[in-house]
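Peer 1: Need coordinates for the below:
(2 chains)
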Amino acid sequence: MSYSDYFNFEIIKSSSQSNARAGLFTTPHGQIETPIFMPVGTNSAVKMLTNDQILATGAQIILANSYHMYLRAGTKRVKSAGGLHGWMNFHKPILTDSGGFQVFSLAKLRKITQDGVYFQDPKNGSKHFISPEISMEIQEDLGADIIMAFDECAPYPCDYKQARNALDKTKKWLERCFETHKNYNQALFPIVQGAFFDDLRKESAEFVSRFDAAGYAIGGVSVGEPTEIKNHITEITAPLLPFNKPRYLMGVGTPVDLINGIKYGIDMFDCVLPTRNARHGTFFTYQGNKIIKNKQFEDDFTPLDEKCNCYACRNHTKAYIRHLYKTQEATAATLLSIHNIHFLINLTKDLRNSIIAGNFEQYSAELLKGFEG
RNA sequence: GCGGGUGUCGCCAAGUGGUUAAGGCCCCGGAUUGUGGUUCCGGUAUUCAUGGGUUCGAUCCCCAUCACCCGCC
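Peer 2: Below is the predicted model:
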């Protein structure tokens, strides 16, 4: 038994002028055309959207967070409902986070030991402990197609010693994750750490590559660092990961980030930006981000983006959506979420097609020109 | 008609005889990257109903006018 019984990654076409590639990733719940953007559904729902609406954005795979499901829903309850797929009645590929990042970013009073992480639920003060073994058990109960290693994400900025310690722990924890997890129908992705130090990133990438995984992730970016630093780390790390396996850049990103990531050889992305921005009134366009509440849209009867063919753009105007937003109608967030998610997924789809067509460099350069005005 | 009260940004609303008049809402900008669900951060009154007066100085004291509110005829 091995992951290859359930997972397969086929590279359809590689760019000759960059590390970009177009692929087809097969999972137990379906195939994913890469590169792909994956919407985030923290609490087993993409905020503001029904499953039908999620699928209408073109989503091929979504995320859920172990940390939130563990604290709020109860992972045994989800397991008894048939795992996330049955619980949500969503029968496409799903990926779960390990809970590691949330413990570091959300939990209070956390204490990190070699064994695992002790932390308090910030909502009710209850005490919890998650270790690599427990994270694997949680994620096995949730039953996602892809599960993530339990890692320690160093903050930005951080000194070398701190990054070194976090990486050492992440390496040991990765071994424990693989010793624990034996369900080959759930692909365990290792995560590269090493903060913003080239040698640590290289060491980490080489370390994770020794594991026979179905895919590999780059973590520890998008934690507040400047874009140039994130690009640099992605650029030097991605090529060090196995060529014939999908590479997942965690927590990224903006439309420009996706273009750059794909150029560096990334195949999968996830980010809260499209849905969080939607709730806060910002939407993507091919000319850069715009804010729906701005007065300039008061009498603008055109779609959010002229080139977009999402549900919101096919049916509604900026003036209408602005009105919904200003009057605090939840439908505003729904329409903007649909648009933003569709926008990023469509962006990855168009870039994929350009890779297959052999004109990725030219096409992505044109897009960048528009985004950066 | 008589007595009492109130008049500070579009709306609520602090405030003091003395440098640049709180705050909230609205409005106008901006932020947001492995999600604590309408969040966070900025900006907007040379002006305190109007006209006089007292004072070195008044939104705050005095007078008049106007508007509104509450009683009584």
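
Peer 1: what's the nearest residue to A:D299 if we skip its chain neighbours?
Peer 2: A:A319 (5.8 Å; Cβ to Cβ, 6 or more residues apart in numbering). C-beta coordinates here come from the backbone N, C-alpha and C atoms, glycine included.

Peer 1: Show me which residues of the stretch 251-373 of chain A sit near RNA strand B.
Peer 2: Contact residues (Cβ under 7 Å from any atom of the strand) of the stretch 251-373 of chain A with RNA strand B: A:251-254, A:257, A:270-273, A:275-277, A:279-282, A:289, A:291, A:293-296, A:298, A:324-326, A:328-330, A:332-333.

Peer 1: Buried among the residues you listed? Make that a ChimeraX selection.
Peer 2: In ChimeraX, a selection of the buried entries from these looks like this (16 or more other Cβ atoms under 10 Å):
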select /A:251,252,253,254,257,270,271,273,275,277,279,281,282,324,325,332,333
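
Peer 1: In strands, which of the residues of the stretch 251-373 of chain A next to RNA strand B appear?
Peer 2: Judged by DSSP state E, these include A:270-271, A:282, A:291 as members of strands.

Peer 1: Go through those and say which is closest to RNA strand B.
Peer 2: Using Cβ to the nearest atom of the strand, A:T282 is the member of those that lies nearest RNA strand B, at 3.4 Å.

Peer 1: pLDDT weak spots in chain A?
Peer 2: For chain A, applying pLDDT under 70 flags the ranges A:107-108, A:373.

Peer 1: Of all residues in it, which one is nearest the centre?
Peer 2: Nearest to the mean C-alpha position of chain A, by Cα atoms, centre = their mean, lies A:D270 at 1.8 Å.

Peer 1: That one reaches A:L258, doesn't it?
Peer 2: No - judged on Cβ atoms under 8 Å, A:D270 makes no contact with A:L258 at a distance of 10.9 Å.

Peer 1: Common neighbours of these two, please.
Peer 2: A:37, A:252 (Cβ atoms under 8 Å, 6 or more residues apart in numbering).

Peer 1: can I see the domain layout of chain A?
Peer 2: A:3-271, A:282-336 (automatic domain parsing).

Peer 1: okay if I get these as CSV plus distance to A:F343?
Peer 2: Formatted as CSV, the domains of chain A follow (distance: least, Cβ to Cβ, whole Å):
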stretch, distance to A:F343
domain A:3-271, 7
domain A:282-336, 4
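
Peer 1: if we can go back for a sec, which strand residues bridge the residue nearest to the centre of chain A?
Peer 2: A:M38 (DSSP bridges).

Peer 1: In contact with it: list those residues for me.
Peer 2: A:37-40, A:63, A:95, A:248, A:250-252.

Peer 1: Pull out the buried residues from the one helix or strand A:R352 maps to.
Peer 2: Secondary structure from DSSP states H and E places A:R352 in helix A:330-357. Buried positions in helix A:330-357, judged by neighbour count with 16+ other Cβ under 10 Å: A:332-349, A:351-352, A:354-355.

Peer 1: For burial, what's the neighbour tally of A:Q362?
Peer 2: 12 (other Cβ atoms under 10 Å).

Peer 1: separation between it and RNA strand B?
Peer 2: Taking Cβ to the nearest atom of the strand, to the nearest Å as the measure, A:Q362 falls 24 Å from RNA strand B.

Peer 1: what's the spacing between that residue and A:L368?
Peer 2: 11 Å (Cβ to Cβ, to the nearest Å).

Peer 1: hmm, the host helix or strand of A:T170 in reach of RNA strand B?
Peer 2: Following DSSP H and E, one finds A:T170 within helix A:160-180. No - using Cβ under 7 Å from any atom of the strand, helix A:160-180 stays clear of RNA strand B, coming no nearer than 8.8 Å.

Peer 1: Tell me the buried residues in whichever helix or strand comes after that helix?
Peer 2: Next helix or strand after helix A:160-180 toward the C-terminus (DSSP H and E): strand A:187-189. Under the neighbour-count criterion of 16+ other Cβ under 10 Å, strand A:187-189 has A:187-189 buried.

Peer 1: Each with direction, which strands does the helix or strand just after strand A:187-189 pair with?
Peer 2: Counting by DSSP H and E, the next helix or strand C-terminal to strand A:187-189 is strand A:191-192. Strand pairing for strand A:191-192, determined by DSSP bridges: strand A:216-218 (parallel).

Peer 1: Give me the contacts around the strand it pairs with.
Peer 2: With contact meaning Cβ under 8 Å, 6+ apart, strand A:216-218 is reached by A:148-149, A:189-192, A:208-209, A:233-234, A:237-238, A:241-242, A:245-250, A:266.

Peer 1: What is the subsequent helix or strand relative to that strand?
Peer 2: helix A:227-237.

Peer 1: Report the distance from that following helix to the chain centre.
Peer 2: The chain centroid and the centroid of helix A:227-237 are separated by 17 Å under Cα atoms, centre = their mean, to the nearest Å.

Peer 1: which residues sit against that helix?
Peer 2: Outside helix A:227-237, the residues touching it (Cβ under 8 Å, 6+ apart) are A:192, A:196, A:198, A:201-202, A:205, A:218, A:221-222, A:249, A:252-253, A:256-257, A:260-261, A:264, A:266.

Peer 1: just checking, next helix/strand downstream of the helix holding A:R352?
Peer 2: Sequence order places helix A:360-371 as the next helix or strand after helix A:330-357, per DSSP H and E.

Peer 1: Just say helix, strand or coil for A:A64.
Peer 2: strand (DSSP: H, G, I helix; E, B strand; the rest coil).

Peer 1: can you count the residues close to it?
Peer 2: Per other Cβ under 10 Å, the neighbour tally for A:A64 reads 26.
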